[in-house]
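Colleague: all I have is the shape, not the residue letters:
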């Protein structure tokens, strides 16, 4: 396992289908290449999460997630800016079910958190983003907690600090504004 504060050091594991942990706005996330079905299935197995629930993609800019989504409206365009909110957008029919789960939509967040921006820019792609914990347990907030809980199952850890949010990001629907997680 690679443990580094340099995002570049984690690119090779991602390119090879690895699962890594990295700091997000509130907690550590587990991530992998969203287009690598084997990597996503491995991430779901590590987390013990059902594929039906769907996943979040985190990105440094909207162009990294746009290929997965249907065309957006002028109103939705405001939600494509960096923020601490995860937005649910209608997904293209060809968006992999391992990302959307039982839904015809996809949750995305354009992050403001510098370690994730650097990681997504270095990988030149969005990443899967789900909290670094076993389903139902408290998410890790430090690299040491991630290593203690999941270390032997991971290919890498971006050793940096989480942001200032006290709890995981709010999730909202981009069409209705409905809040799914506060």
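Modeller: It's in. Only a predicted model underlies this, so the values are computations on that prediction, with no experimental measurement involved.
Colleague: so where's this structure uncertain?
Modeller: For the chain, not a single residue meets the criterion pLDDT under 70.
Colleague: which one is the residue positioned nearest the centre of the chain nearest to, not counting chain neighbours?
Modeller: When CA atoms, centre = their mean is applied to the chain, the residue found nearest the centroid is residue 129 (1.6 Å). Nearest residue to residue 129, sequence neighbours excluded (CB to CB, 6 or more residues apart in numbering): residue 58, at 3.8 Å. Heads up, the C-betas are built off the backbone N, CA and C, glycines and all.
Colleague: which other residues reach stretch 78-93?
Modeller: Stretch 78-93 has contacts (CB atoms under 8 Å, 6 or more residues apart in numbering) with 25, 56, 62, 67-70, 72, 76, 99-100, 103-112, 163, 165, 169-175, 180-181.
Colleague: return the distance of that stretch from the chain's centre.
Modeller: 12 Å (CA atoms, centre = their mean, to the nearest Å).
Colleague: neighbouring strands for the one helix or strand residue 107 maps to, and are they parallel or not?
Modeller: Element membership of residue 107 [criterion: DSSP states H and E] is strand 105-110. Neighbouring strands of strand 105-110 in its sheet, by DSSP bridges, are strand 56-59 (parallel), strand 85-90 (antiparallel).
Colleague: pull out the buried residues from stretch 39-47.
Modeller: Neighbour-count burial for stretch 39-47, counted by 16 or more other CB atoms under 10 Å, picks out 39-40, 42-44, 46-47.
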